[in-house]
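Visitor: Sequence and predicted structure below; questions after.
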Amino acid sequence: MRIVLIGQQAFGQSVLNAILETGKDEVVGVFCSPDQEGRREDPLKTGAVEHNIPLFQPTRFRSDEAIEQFNGLSPDLCVMAYVTDIVPMEMINGPTHGTIQYHPSLLPLHRGPSSINWPIIMGEDRTGLTIFWPDEGLDTGPVLLQKEIEIGPDDTLGSVYFNHLYPMGVAAMIESIDLVRDGNAPKIVQNESKSTYESWAKAKDGRIDWSLPAQQIYNLIRGCNPQPGASTTHDDERLRIFDSGLGESVDPNAAPGTVISLGEQGFEVATGDGTVMVKRVQRRGAKKEPAAEFASAAGLQIGDHLG
């Protein structure tokens with residue numbers, strides 16, 4: 001098939017490389033985001049240039065120029081790998097076999113842009129990925145295939161994505177392309193009665209309320225690690241918290257947010273029903289550092305209050 005790939009970043013590049021390695025189809029064009037001054041080159045662009053594949057970087061995918069460029073490639077299939085812009089229906093419906101897209105959740109659950117963060121934040125123990133046929137809605141099109149994974153009790157956004165949903169997603173894209181080429185790709189309508197949607201997980205969503213149960217706070221920190229980062233305050237300055245764990249100390253008289261122990265691992269903070277061990281932090285304008293080093297440098301003491 002003649003394939004056009006729309007995507008960005010390392011995931012997009014990995015999907016491109018995987019398609020080329022199979023040698024079954026021809027990638028006739030790559031669309032990715034425009035270059036941004038001061039930022040490194042998009043890895044997908046790098047991959048397209050290395051393989052001498054026609055590259056397009058429209059400022060708006062909905063522009064007449066971008067649509068004309070896309071349709072001029074006469075694609076049999078469009079593959080969307082990590083797309084954050086709105087792709088017009090003229091592109092989605094243009095190829096002979098339509099368009100397939102990767103989404104890192106078990107649709108119709110967790111539609112939206114931060115679909116890996118929210119299952120972890122919400123304390124769920126399973127998630128997965130979906131390859132689907134996009135339509136006019138947001139992550140609402142028919143499902144081609146799905147892969148499910150377990151969210152471990154100590155998994156973070158980073159570990160779920162890089163250890164599972166990234167490599168599985170690349171493999172699922174290739175499996176889906178094979179199904180389309182062979183004429184065996186299903187189109188399973190999503191069950192709207194089970195649909196959920198969450199917007200971007202932003203910095204404000206990561207603010208810690210220490211009066212909540214320890215497990216709930218731990219889930220929030222895990223689901224925001226590494227982005228956008230959970231946060232609290234110390235001496236009226238923002239303190240982002242990354243690596244953490246459920247604490248073991250008990251101090252029934254400590255108010256939520258109180259530092260109740262200091263050690264080599266970091267420091268424990270009282271919550272509504274237990275403690276959270278803080279292991280890695282980041283002060284505003286500084287690099288991430290072990291929590292024990294921060295505590296020593298900042299003069300943190302037992303009895304100090306965060307938040």
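Guide: Thanks, I have the structure now.

Visitor: How much space separates the residue nearest the centre of the chain from E248?
Guide: Centroid-nearest residue in the chain, with CA atoms, centre = their mean: I116, separated by 5.0 Å. Noted for I116: a distance of 29 Å to E248, by CB to CB, to the nearest Å. To be clear about C-beta, it is placed using only N, CA and C from the backbone, and glycine gets the same treatment.

Visitor: could you measure the residue nearest to V189 when sequence neighbours are not counted against P290, distance?
Guide: Of all residues not flanking V189 in the chain, P142 sits nearest, at 5.5 Å (CB to CB, 6 or more residues apart in numbering). Using CB to CB, P142 is found at 48 Å from P290.

Visitor: what do you get for H305?
Guide: For H305, the distance to P290 - CB to CB - is 21 Å.

Visitor: L165 now?
Guide: 28 Å.

Visitor: again with V269
Guide: 16 Å.

Visitor: Of these two, which one has the most company?
Guide: Ranked by neighbour count (other CB atoms under 10 Å), V269 and P290 place V269 first, with 29 against 16.

Visitor: and the nearest residue in space to that one that is not next to it in sequence, helix, strand or coil?
Guide: Closest residue in space to V269, ignoring its immediate chain neighbours: V276 at 5.4 Å, by CB to CB, 6+ apart. The assignment at V276 comes out as strand when based on DSSP: H, G, I helix; E, B strand; the rest coil.

Visitor: Go ahead and confirm V276 touches G247.
Guide: Yes. Counting by CB atoms under 8 Å, V276 touches G247, with 5.6 Å between them.

Visitor: Beta-bridge partners for the residue nearest to V269, please?
Guide: According to DSSP bridges, the partner residues bridging V276 are L246, V269.

Visitor: How many neighbouring residues does it have?
Guide: 26.

Visitor: Repeat that for the one 4 residues further on.
Guide: R280: 18 surrounding residues under other CB under 10 Å.

Visitor: Please name the bridge partners of it.
Guide: Beta-bridge partners, per DSSP bridges, of R280: P290.

Visitor: mind listing what it touches?
Guide: Residues counted as contacts of R280 (CB atoms under 8 Å, 6 or more residues apart in numbering) are 241-244, 266, 288-291.

Visitor: same question, V276
Guide: Here V276 is in contact with 214, 217-218, 221, 244-247, 268-269 (CB under 8 Å, 6+ apart).

Visitor: Rebuild those as CSV, extending it with distance to G137 and pLDDT.
Guide: Formatted as CSV, the contacts of V276 follow (distance: CB to CB, whole Å; pLDDT from 0 to 100):
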residue, distance to G137, pLDDT
A214, 38, 97
I217, 34, 98
Y218, 34, 98
I221, 32, 98
S244, 36, 98
G245, 39, 98
L246, 39, 97
G247, 43, 95
E268, 45, 98
V269, 42, 98
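
Visitor: from those residues, which two are the most distant?
Guide: Using CB to CB, those reach their maximum pairwise distance at I221 and E268, which is 13.4 Å.

Visitor: neighbour-wise, which of those two wins?
Guide: E268 (29 against 26).

Visitor: Return the residues in contact with that one.
Guide: If you count contacts by CB under 8 Å, 6+ apart, E268 has them with 247-249, 259-261, 275-278.

Visitor: Go through those residues and give me the one with the most neighbours.
Guide: V278 leads these on contacts (other CB under 10 Å) with 29 neighbours.

Visitor: hang on, the earlier thing: what about the residue nearest to the centre of the chain, distance to A171?
Guide: 17 Å.

Visitor: can you check N93 too?
Guide: On the measure of CB to CB, N93 and A171 end up 27 Å apart.

Visitor: and V250, how many neighbours?
Guide: Neighbours around V250, by other CB under 10 Å: 11.

Visitor: and it, what does it touch?
Guide: Listed by CB under 8 Å, 6+ apart, the contact set of V250 reads 274-275.

Visitor: helix/strand/coil for I174?
Guide: Going by three-state DSSP, the secondary structure assigned to I174 is helix.

Visitor: Now do the contacts for it.
Guide: 18-19, 22.

Visitor: and stretch 14-23, C-alpha only, in PDB?
Guide: What follows is stretch 14-23, C-alpha atoms only, in PDB (Å, rounded to 0.1, in the frame of the first residue of the first chain):
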ATOM      1  CA  SER A  14       9.500   4.400  15.600                       C
ATOM      2  CA  VAL A  15       6.300   3.700  13.700                       C
ATOM      3  CA  LEU A  16       7.900   5.000  10.500                       C
ATOM      4  CA  ASN A  17      11.000   2.800  11.000                       C
ATOM      5  CA  ALA A  18       8.800  -0.300  11.800                       C
ATOM      6  CA  ILE A  19       6.800   0.200   8.600                       C
ATOM      7  CA  LEU A  20      10.000   0.500   6.500                       C
ATOM      8  CA  GLU A  21      11.600  -2.500   8.200                       C
ATOM      9  CA  THR A  22       8.600  -4.800   7.200                       C
ATOM     10  CA  GLY A  23       9.200  -3.800   3.600                       C
END
